[in-house]
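Trainee: build me a model from this:
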Amino acid sequence: MEINGDDIIFLFGAGASVDANIPISNQMVRHIERLIYEKEEWQEYRDLYYYLKSSIHYSDGIFGRFDEAFNVEKLLIVISEIEKRDKNIMYPFIGAWNTRLIDLAGANFQNISNLQKLIRRQLNEWVRIKNYDNASYYEAFDSLSGDIAETIKVFTLNYDLCFERVVGKRRTIETGFNKGTKDWHYSNFDNSEGKHFFLYKLHGSIDWYIDGSKLFISDDPVEHPELIFGIQHKMTSVDPYFFYSSKLREACLNEARLIVIIGYSFADDYVNIIFSQALKSKPNVRLLSVEPIWNADVNEKRKFISKKLSLDSIDQIIVEDASAKKFMTEIMNKDYFISQLHEPDDVPFKDEVLIDPVQNVQDVL
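Mentor: Here you go, the predicted model:
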């Protein structure tokens, strides 16, 4: 059996970069809560933060989602919606804002805007690592590219630059931006010749910025990067987000035989729906999830993923109990991925031993 570039796609979640000292979402929440106690510029928004956090938990509880994690992205989605005020699509149907929110939000909801700026600034600082030595484990994609020798599609939900800065040292990565003008255009993904990876950053990047109506890339991280939170923003913001989501769906449903996800928590509904559609429509497709399993066995994790994707069984789910660093440096290679592929049921002689008819006759005689 062989494997080519279209047979496999990768998707990175926050856990893919945690070994590079970039905190995951629950760690970011703990950091924010420490800042609220320790830093004067944060302290005036403490009660507002508590109100927002408790309201999010309350909202989840109403729908029976008592095990839902509170994270930075969910907080920023809520803040972004509140910040719209009367521009929110639901505003005509809402009798009045909660009186407690009005008290805490300040005049013209300025405190909401200020808290959002503080969180986004802090998020940018966490992701802007100065030394990429701790991310050197991404170099495993350099070797993988050499073995497969075709363009590989990589999708990421992260804002960091680990893949570009580490893998980009030796391999050509297409990110959609023109070399000269540095503005983004979808046509850059039309030609794969000489390109080792197509990188689709589904949530934005710390080196993206908007100028006028166009998206550009900077040589270094920018102060106010183009990052998005929430499905409605992903679908209606500037061009790349809809295009990238469409490419993820196309790759999963039409091309991939193995979907490899590293450090993903299955918290994005639109990503889960795409995976679910792919697995349900193509029984030979396998989804390989890489993450450390702390308080459950592999089969329990497979059941969790199957439930998240609304699957009837766990047969198409593979779980590798490993950190991103361990997986990339000790496990990941071409032969490993070939071993995880599953032949379609209609492949002739899939599991049969081929018999030489002449030899068979001689044996009988």
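Trainee: just the strands in the stretch 1-150 of the chain please.
Mentor: Secondary structure of the stretch 1-150 of the chain (DSSP state E, counting those that start in this stretch): strands located at 8-12.
Trainee: low pLDDT regions in it?
Mentor: Applying pLDDT under 70 to the stretch 1-150 of the chain picks out residues 90, 95.
Trainee: residue contacts, Ile102?
Mentor: Contacts of Ile102 were listed using C-beta atoms under 8 Å, 6 or more residues apart in numbering, and none were found. Where C-beta positions appear, they are placed from N, C-alpha and C, glycine not excepted.
Trainee: residues contacting the residue positioned nearest the centre of the chain?
Mentor: The centroid of the chain falls nearest to Leu157 when counting by C-alpha atoms, centre = their mean (2.7 Å). Shown in contact with Leu157 (C-beta under 8 Å, 6+ apart): 11-14, 202-203, 264, 268, 271.
Trainee: could I get those residues as a markdown table with neighbour count and distance to Trp126?
Mentor: Output for those, formatted as a markdown table (neighbours: other C-beta atoms under 10 Å; distance: C-beta to C-beta, whole Å):
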| residue | neighbour count | distance to Trp126 |
| --- | --- | --- |
| Leu11 | 27 | 21 |
| Phe12 | 26 | 16 |
| Gly13 | 25 | 16 |
| Ala14 | 26 | 11 |
| Leu202 | 21 | 19 |
| His203 | 19 | 14 |
| Tyr264 | 22 | 19 |
| Asp268 | 20 | 20 |
| Val271 | 24 | 22 |
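Trainee: and these as JSON lines, adding distance to Ser323?
Mentor: Shown next, in JSON lines, are those (distance: C-beta to C-beta, whole Å):
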{"residue": "Leu11", "distance to Ser323": "16"}
{"residue": "Phe12", "distance to Ser323": "13"}
{"residue": "Gly13", "distance to Ser323": "13"}
{"residue": "Ala14", "distance to Ser323": "13"}
{"residue": "Leu202", "distance to Ser323": "22"}
{"residue": "His203", "distance to Ser323": "22"}
{"residue": "Tyr264", "distance to Ser323": "13"}
{"residue": "Asp268", "distance to Ser323": "21"}
{"residue": "Val271", "distance to Ser323": "21"}
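Trainee: quick check, nearest of the residues you listed to Gly64?
Mentor: Nearest to Gly64 out of the contacts of Leu157 is Asp268 (C-beta to C-beta; 19.9 Å).
Trainee: distance of that closest one from Ser213?
Mentor: Asp268 sits 27 Å away from Ser213, going by C-beta to C-beta, to the nearest Å.
Trainee: ok, now Ile273?
Mentor: 29 Å.
Trainee: which one's more surrounded, those two?
Mentor: The neighbour comparison of Ile273 against Ser213 (other C-beta atoms under 10 Å) goes to Ile273, with 14 against 7.
Trainee: that one: which element?
Mentor: helix 269-281 (DSSP states H and E).
Trainee: got the CA coordinates for that helix in PDB?
Mentor: Taking C-alpha atoms only, helix 269-281 is exported to PDB below (Å, rounded to 0.1, in the frame of the first residue of the first chain):
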ATOM      1  CA  ASP A 269     -18.800  22.600  16.100                       C
ATOM      2  CA  TYR A 270     -18.200  23.500  12.500                       C
ATOM      3  CA  VAL A 271     -15.000  21.500  12.400                       C
ATOM      4  CA  ASN A 272     -16.800  18.500  14.100                       C
ATOM      5  CA  ILE A 273     -19.600  18.600  11.500                       C
ATOM      6  CA  ILE A 274     -17.100  18.400   8.600                       C
ATOM      7  CA  PHE A 275     -15.300  15.500  10.200                       C
ATOM      8  CA  SER A 276     -18.700  13.800  10.900                       C
ATOM      9  CA  GLN A 277     -19.800  14.200   7.300                       C
ATOM     10  CA  ALA A 278     -16.600  12.800   6.000                       C
ATOM     11  CA  LEU A 279     -16.600   9.700   8.300                       C
ATOM     12  CA  LYS A 280     -20.300   9.000   7.600                       C
ATOM     13  CA  SER A 281     -20.000   9.300   3.900                       C
END
